[in-house]
Structures are given as structure tokens and as C-alpha cells.
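Engineer: okay, here's the prediction I keep looking at, along with the sequence it came from:
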Amino acid sequence: KSPCRCIDENVGALKVKRTPDKVPDREQTHVLVTFYKSDSKRIRIPSVTGGAGFVGSHLTDKLMMDGHEVTVVDNFFTGRKRNVEHWIGHENFELINHDVVEPLYIEVDQIYHLASPASPPNYMYNPIKTLKTNTIGTLNMLGLAKRVGARLLLASTSEVYGDPEVHPQTEDYWGHVNPIGPRACYDEGKRVAETMCYAYMKQEGVEVRVARIFNTFGPRMHMNDGRVVSNFILQALQGEPLTVYGSGSQTRAFQYVSDLVNGLVALMNSNVSSPVNLGNPEEHTILEFAQLIKNLVGSGSEIQFLSEAQDDPQKRKPDIKKAKLMLGWEPVVPLEEGLNKAIHYFRKELEYQANNQYIPKPKPARIKKGRTRHN
Ligand SMILES: O=C(O)[C@H]1O[C@H](OP(=O)(O)OP(=O)(O)OC[C@H]2O[C@@H](n3ccc(=O)[nH]c3=O)[C@H](O)[C@@H]2O)[C@H](O)[C@@H](O)[C@@H]1O
């Protein structure tokens, strides 16, 4: 039997895809050729806005690994080409340098709308741009979803609950947001983005999914991100004081990025159109968190108490009963395991910077057929 006949008889209709068996490293960008049944999993054409960002790039990895044809849309305001460079040149991958504040005309059947700065220093740096991205950007993506009949998943946030008076936060809680405070550009921007989703659903029949994402961490967070996990790890690794804002008694619950990505994909492919919390309910004070990171890094850094951030939510913990019941999803990565992965990533990033690998090294002269050639 020829190998082809064997495949035909035993596996049915096959589609050849160039899909790696794991996400390639920067150094290992070659791809393996694998076969899978075209009828076992429908090939989708998802677009990921903000796909070169921290969460977006991990989501892109999962969608590519699942064999879909992925279009990443990013304006590189906080996203980086480095986060998705291992897919460049793959036949299923397209990277578009585009700001969602401008309309977009592409053919897709699912839109994961993640584009927005997410760290408080980033979104407060240019609040007008944050507002435009979350309002006009979301309108444009909903317009695209309406035109091409795509389903849109909005990456909303726990920040829609503001500084919550209900604990833990359930999806039916309306929140406690200061509409004119420094965080309002993001909090209110995401709240109106949710409103827009449901207006398009009711008026135009657009299929929407809304994920309320709680604090998330992992590799590919930017070194200058400014959120607590990357700050504490980088400070601990460099022997600098860990900067705790306020008393450190405020609480957060942190999920590892792979758990979130699995939740996003499960939600997108579910029939749940109302908002769903995605987060890890294991709650800690920020001071406990500083101690834990110090211990895991084995750092002698001190803890430094700085002034409290304005309107900083004092307690935050997701109620994830709905996600468990309706998506069969819950986080599985233990906090310490996730933190160790993030610590490993940031250690490497510091080495990478120290070795000055951002500056391309000149190529050495090559010897070919007995004579020296210079490129
Ligand atoms: O990480 C996230 O996913 C979330 O990050 C932010 O929300 P926030 O909880 O304020 O995130 P951080 O900036 O990481 O702050 C967490 C806590 O640590 C404190 N913090 C932060 C940084 C620091 O160096 N030291 C420090 O004590 C903050 O004051 C706050 O109480 C965003 O606003 C959310 O939309 C996003 O979902």
C-alpha cells in the first residue's frame, strides 16, 4: 500500500497543515508537518485584536496550535512583534499593523477583541486614547462582526466592578466605579464596550461573548508593564525594594495566562452570551504576595511602602460558579507554579537585555569554494 492510500482508508479526508507540535521558541522556528482530520475540528478564521500583546499572543499560540487561520491585528502601542514573531511566515498566520480606532475590512468568522492597554500606568498614560480604543475601537469591531456575520468576544475586565462593595464579585453585581477618577478611562471604557456588545446583539443580531477577566500574569508581560506581578518579580531579581502601594492589605486573586486562554476559547465556542468571570479565586493581600515572590526568587530585597494609588480597589476575587457550570472551566495552574514560570521568563529577559541581543551582530565572512565571500 502506498502511504497515501493507507491514510485515505484509515483516517478519511485529510487536510495537510503545517502545524508545530509545540509553540516554537525564538531559536526554533521550524515547523513540523502533521496530518489531522479536516472533519474532526472545524477550521475557523479567528481574528485577535491586540494579538501581539501579553494575553493576545498566548491566545494566538493556542488558536494556531489548534490549526485555525489566525489574523492578528495590533497597533503595537503595548503589544510587541517579538511576542508573535515565531508565527511569521506560517501559512495560517497573518499580522496586520492596524489601530482598531480605524474601521477594518477583513473576512473572519470569530473576533477576539482584546485590543486595549490593560495595565493601570499604561491606560492612565493616555486616557483619551484608552477611551477611543475601548469605545470607537469596539464599535468598529462590532461593525466588522455585523458585516461579515462573525461572533465577537469582548475582553472585558474585573474593573467593571470598580472598588467592589460585594465580595466575591458575581456577574450580576453592577459595580462601584468612580466615573471621573483616574481609572475611569479604562473602567468606564470597558463598561460602555459591554453596553455596545448588547446593543449590537439586540438591534443587529450580532453574536457576542463577554469575558470579565480578573488579574492575570505570565511570560510576555512587558518589562515596563507596571502591574504588580512583573514589578515585584523584576525588583526581586535585581535586588531592588519591592514597592507596595499603601499598606499592602488590599487583595487580589491571580490567574496564570494559560488558564485564561483556555477560558476565552471555551467561552467563544459556548452558547453563553451574558458576561462570564474568568479568574482564579485564590485571594491574597498584596503584602503576602510580595513575601511569596521574594521567597520564590530567593531575594534579599526589602519591602518598601509607597503612597496608596487613587481609587485602588481594596478587595477583588472572582466568583466563578457560572464559568464552572456553563463552560466546564476552572483554573488549574497553581499560583506558585505559574509564578515560577514567570520568574524564569523575567530572568531570561534580564539576561537577554544584559547581553545586548537587541543589537544585531555583524555576520562573519563565509568561506565558499575556496574563496572568501562577504555578504
Ligand atoms: O493584572 C490585571 O489583569 C489587571 O490589572 C489592573 O488591575 P490592578 O488590580 O490594579 O493591577 P495591578 O496594577 O497589578 O495592581 C494590583 C495591586 O497591587 C498594587 N501594586 C501595584 C504595583 C506595584 O508595584 N505595587 C503595588 O503594590 C496596586 O496598588 C494594586 O493594589 C487592570 O486595571 C485590570 O484591568 C487588569 O485586569
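Structural biologist: Great, that's in hand.

Engineer: can you give me the buried ones in the host helix or strand of Y200?
Structural biologist: Using DSSP states H and E, Y200 sits in helix 184-204. Neighbour counts using 16 or more other CB atoms under 10 Å place 184-194, 196-197, 200-201 of helix 184-204 among the buried residues. C-beta coordinates here come from the backbone N, C-alpha and C atoms, glycine included.

Engineer: just checking: which of those also lie near the ligand?
Structural biologist: Y186 (CB under 6 Å from any ligand atom).

Engineer: which one of the buried residues of helix 184-204 is nearest the ligand?
Structural biologist: For the buried residues of helix 184-204, the residue nearest the ligand by CB to the nearest ligand atom is Y186; the value is 5.9 Å.

Engineer: which residues are in contact with that closest one?
Structural biologist: S116, P117, A118, P120, Y123, M124, T130, N134, T157, E159 (CB atoms under 8 Å, 6 or more residues apart in numbering).

Engineer: go again with 10 Å.
Structural biologist: Residues counted as contacts of Y186 (CB atoms under 10 Å, 6 or more residues apart in numbering) are 116-120, 122-124, 127, 130-131, 133-134, 157, 159-160, 177.

Engineer: that one: what's its closest spatial neighbour, skipping adjacent residues?
Structural biologist: Ranked by CB to CB, 6 or more residues apart in numbering and with sequence neighbours excluded, the top spatial neighbour of Y186 is Y123, at 4.3 Å.

Engineer: is the residue nearest to A145 when sequence neighbours are not counted in a helix, a strand, or coil?
Structural biologist: In space, and not counting its chain neighbours, A145 is closest to L152: 4.3 Å by CB to CB, 6+ apart. Assigned with DSSP: H, G, I helix; E, B strand; the rest coil, L152 falls in the strand class.

Engineer: cool, S258 as well?
Structural biologist: At S258, secondary structure determined by three-state DSSP is helix.

Engineer: so how far is the ligand from it?
Structural biologist: Per CB to the nearest ligand atom, to the nearest Å, S258 is found 14 Å from the ligand.

Engineer: need the pLDDT of that residue.
Structural biologist: The pLDDT attached to S258 in the predicted structure is 98.

Engineer: ok, now V297?
Structural biologist: Per-residue pLDDT puts V297 at 98.

Engineer: try K363
Structural biologist: 57.

Engineer: repeat that for Y200.
Structural biologist: Confidence at Y200, expressed as pLDDT, is 98.

Engineer: ok, P331 next?
Structural biologist: The model's pLDDT for P331 equals 98.

Engineer: related to what we said a few turns ago, give me the number of residues near the residue nearest to Y186?
Structural biologist: 25 (other CB atoms under 10 Å).

Engineer: wait, what's in contact with the closest residue to F217 other than its chain neighbours?
Structural biologist: Counting by CB to CB, 6+ apart, V229 is the residue found nearest to F217 once chain neighbours are left out, at 3.9 Å. Going by CB under 10 Å, 6+ apart, V229 touches 215-218, 221, 252, 254, 289, 293, 338-339, 342-343, 346.

Engineer: look up how far the ligand lies from V229.
Structural biologist: To the ligand, V229 is 6 Å away according to CB to the nearest ligand atom.

Engineer: how about stretch 341-350 and the ligand, touching?
Structural biologist: No. Stretch 341-350 stays clear of the ligand (CB under 6 Å from any ligand atom), getting no nearer than 12.1 Å.

Engineer: for stretch 326-342, the distance to its chain's centre please.
Structural biologist: Averaging C-alpha positions (CA atoms, centre = their mean, to the nearest Å) puts stretch 326-342 14 Å from its chain's average.

Engineer: hang on, the earlier thing: can you redo the contacts of V229 as CSV with secondary structure, pLDDT and neighbour count?
Structural biologist: As requested, the contacts of V229 are exported to CSV (DSSP: H, G, I helix; E, B strand; the rest coil; pLDDT from 0 to 100; neighbours: other CB atoms under 10 Å):
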residue, secondary structure, pLDDT, neighbour count
N215, coil, 98, 20
T216, strand, 98, 25
F217, strand, 98, 23
G218, coil, 98, 24
M221, coil, 97, 26
R252, strand, 98, 22
F254, coil, 98, 22
F289, helix, 98, 21
I293, helix, 98, 23
G338, helix, 98, 23
L339, helix, 98, 24
A342, helix, 98, 23
I343, helix, 98, 22
F346, helix, 98, 21
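
Engineer: pick out the most distant pair among those residues.
Structural biologist: R252 and F346 (18.7 Å; CB to CB).

Engineer: residues in contact with N340?
Structural biologist: Contact analysis of N340 by CB under 10 Å, 6+ apart lists L296, V297, P334.

Engineer: any idea how far the ligand is from the last one?
Structural biologist: The gap separating P334 from the ligand is 18 Å, by CB to the nearest ligand atom.

Engineer: any idea how far T71 is from that residue?
Structural biologist: As judged by CB to CB, to the nearest Å, P334 and T71 stand 34 Å apart.
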